[in-house]
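**Student:** Sequence unavailable; structure follows:
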């Protein structure tokens, strides 16, 4: 039985040609976040970072996936672990940001934990009864890796919140989640085949705050390129949109498009551009020598109309090596119309610097390369355009005049697939109308 406040969506079982879209209440109801925390984000592997952030013993980073706070660390034994970033005493966060060390000291009362999560010091607790320090370490979170990526499973294997299902004596979930490789299934094989497992170097990151539901951002990504020629003229000039193709896997949708005749080194490179969506909220873009990951999460655990998107940009290791050696084999011009212009009057350079001002570079050598800065400026311009679209859509969803929409059948199969998976998760596991057993459904759009 569906949660109060969410309208039923009977069309999940219809063909896309007949179906209406998810009702607006799925994007606007204040009751939606709690349901999604339990049934969507708590029952899926979540991309939270990369192994380069925790390469050495003692290195750690923190983050949030509301309502969860986490810390990922490499222990003194070299093992990678994750914990709920909540002191077992009175619930303050024990770690902040990122860094390296051998312990975390809670800023509230000084309870101290090592990077294996063990409680090492609990000051001034004389007289406490039935207390064993070994039973009061940080609560663990299931962790796995795929290529350079670090994933966490915030719930236990049955989907219940680990904060409620863990025992007070050890914090171990009552059942283990599926191994990441098994959970990915054919998606992992397809992502590897299209270059996501190639040696890459992390060069930059940025977080965007949006005034829209997180699903609006996903929908925008999954419209089969429908909005690209209208909303992203600079990007459209780089792609052959007439041959935009999509394919579906149980938890993955993949959109591919060949570079256009005028594509520069950022989009070209002899391979199609690939846009991967891993349910429920992970997007990976592979184009030319570049890869970027976009992970969208609710901005907090109560507001359905706010989300946060973390972008990470990567360059092929061999391409970066050539660029650092002088640029051989990689074109370094910007992309006209996307904020990467480098005109003779110097105006393009100013525009590029304004665009990259909010980007945090993580590779000092890459940070000074014109090709890198112009490419990231181009990417930022696309995000600015998408943010405007997504925030306008959220306002429209809140209008009483809007209830449901329709799909463009030849283009928006990836979006429909996403909505079906969401419906299956929210309404209940017994819903069998989403076929997740077939290895692939593929189609091609010849007209955009």
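**Tutor:** Structure's in. What do you need? The structure presented is a predicted model; accordingly, all values stated were derived computationally and were not measured.
**Student:** And what about the residue nearest the centre of the chain, helix, strand or coil?
**Tutor:** Central residue check for the chain by C-alpha atoms, centre = their mean: the C-alpha nearest the mean position is that of residue 295, 1.7 Å away. Classification of residue 295 by DSSP: H, G, I helix; E, B strand; the rest coil places it in strand.
**Student:** Let me know the distance separating it from residue 152.
**Tutor:** Residue 295 is 12 Å from residue 152, where distance means C-beta to C-beta, to the nearest Å. Any C-beta I mention is one placed from the backbone N, CA and C, and that applies to glycine too.
**Student:** same deal with residue 354?
**Tutor:** In this structure, residue 354 and residue 152 are 35 Å apart, going by C-beta to C-beta.
**Student:** Following element in sequence after the helix or strand hosting residue 219, please.
**Tutor:** Under the criterion of DSSP states H and E, residue 219 resides in helix 214-221. The element immediately downstream of helix 214-221 (helix or strand, assigned by DSSP H and E) is helix 228-231.
**Student:** Which secondary structure elements does that next one sit against?
**Tutor:** When contacts are defined as 3 or more C-beta pairs under 8 Å, 6 or more residues apart in numbering; DSSP states H and E, helix 228-231 sits against helix 233-236, helix 370-397.
**Student:** tilt between the last one and helix 214-221?
**Tutor:** Okay, so that is helix 370-397. With axes from the mean of the first three to the mean of the last three C-alpha atoms, to 10 degrees as the basis, helix 370-397 and helix 214-221 are set at 120 degrees to each other.
**Student:** For the residue of the chain most remote from its centre, give its distance to residue 8.
**Tutor:** What lies farthest from the middle of the chain is residue 127; by C-alpha atoms, centre = their mean that is 46.5 Å. With distances defined as C-beta to C-beta, the gap from residue 127 to residue 8 amounts to 56 Å.
**Student:** do residue 415 as well
**Tutor:** When residue 415 is compared with residue 8 (using C-beta to C-beta), they lie 19 Å apart.
**Student:** Between the two, tell me which one has more neighbours.
**Tutor:** Remark: of residue 415 and residue 8, residue 415 carries more neighbours, 26 against 11, as counted by other C-beta atoms under 10 Å.
**Student:** contacting residues around that one?
**Tutor:** Remark: with contacts taken as C-beta atoms under 8 Å, 6 or more residues apart in numbering, residue 415 is in contact with 21, 219, 222-224, 407.
**Student:** Swap in 6 Å and give it another go.
**Tutor:** Residue 415 sits next to 219, 222-223 when contact means C-beta atoms under 6 Å, 6 or more residues apart in numbering.
**Student:** what about residue 302, neighbour count?
**Tutor:** Neighbourhood size, residue 302 [other C-beta under 10 Å]: 12.
**Student:** What are the phi and psi values at it?
**Tutor:** Dihedral pair for residue 302: phi -130, psi -30, per degrees, to the nearest 10.
**Student:** Count the residues that sit near the nearest residue to residue 96 once chain neighbours are set aside.
**Tutor:** Spatial nearest neighbour of residue 96, chain neighbours left out: residue 62 (6.1 Å); criterion: C-beta to C-beta, 6 or more residues apart in numbering. Number of residues near residue 62 (other C-beta under 10 Å) recorded here: 21.
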